[in-house]
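J.: could you work out the structure for the sequence below:
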Amino acid sequence: MADERFLAKLWATIESRRADAAPAESYTKKLLAAPARIRRKIIEEAYEVNEAHQALLDGKDTKDHLAHEAADLLYHLYVLLASADVTPTEVYGVLERRHLQPPAPKTGNP
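T.: Numbers count the residues shown, from 1 in each chain. Below is the predicted model of the structure:
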């Protein structure tokens, strides 16, 4: 069964494609060579995740389709991060710091 350890393997694959000096033959290398294309794919995939989620809530789609679209989004997000030299560890660190922060006090009238 796949789990979060696969994300480390995916990251390693993306990084190996980025380090490869060979001409851009893989889809990943082609994306890495075209940052604007990566950003467009992120927007496209996020939209598809949104649509799949709404269709699932409406009873017109499946969890499997939503998982498929989410996988596409995660892959493209990882490629975008790699293109900017931002590692998943850096992202995880931000999430961890946010999780450890105490909640902000509520303001306004009770």
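J.: pLDDT below threshold where in this structure?
T.: Residues of the chain meeting the criterion pLDDT under 70: 1, 109-110.
J.: residue 2 and residue 66, how far apart?
T.: From residue 2 over to residue 66 the distance is 16 Å, taken as Cβ to Cβ, to the nearest Å. (C-beta placed from N, C-alpha, C; glycine too.)
J.: so what's residue 63 up against?
T.: Counting by Cβ atoms under 8 Å, 6 or more residues apart in numbering, residue 63 touches residue 56.
J.: now residue 29. Nearest residue, chain neighbours left out?
T.: Counting by Cβ to Cβ, 6 or more residues apart in numbering, residue 29 lies nearest to residue 17, which is 5.1 Å off, once chain neighbours are set aside.
J.: buried stuff in the helix ranked longest in the chain?
T.: Using DSSP state H to define each element, the chain has its longest helix at helix 35-57. Under the neighbour-count criterion of 16 or more other Cβ atoms under 10 Å, helix 35-57 has 38, 41-42, 45-46, 48-49, 52-53 buried.
J.: list the buried ones in the helix or strand just after that helix?
T.: Note on helix 35-57: by DSSP states H and E, the next helix or strand toward the C-terminus is helix 63-83. Neighbour-count burial for helix 63-83, counted by 16+ other Cβ under 10 Å, picks out 65-66, 69-70, 72-73, 75-83.
J.: return the closest of those with respect to residue 92.
T.: residue 81 (11.4 Å; Cβ to Cβ).
J.: can you name the residues that contact the closest one?
T.: For residue 81, counting by Cβ under 8 Å, 6+ apart, the contacting residues are 87-88, 91.
J.: please repeat the previous calculation with a cut-off of 7 Å.
T.: Residues near residue 81 by Cβ atoms under 7 Å, 6 or more residues apart in numbering: 88, 91.
J.: how close does it sit to residue 55?
T.: 28 Å.
J.: likewise residue 91?
T.: For residue 91, the distance to residue 55 - Cβ to Cβ - is 28 Å.
J.: repeat for residue 104
T.: Relative to residue 55, and taking Cβ to Cβ, residue 104 is found at 35 Å.
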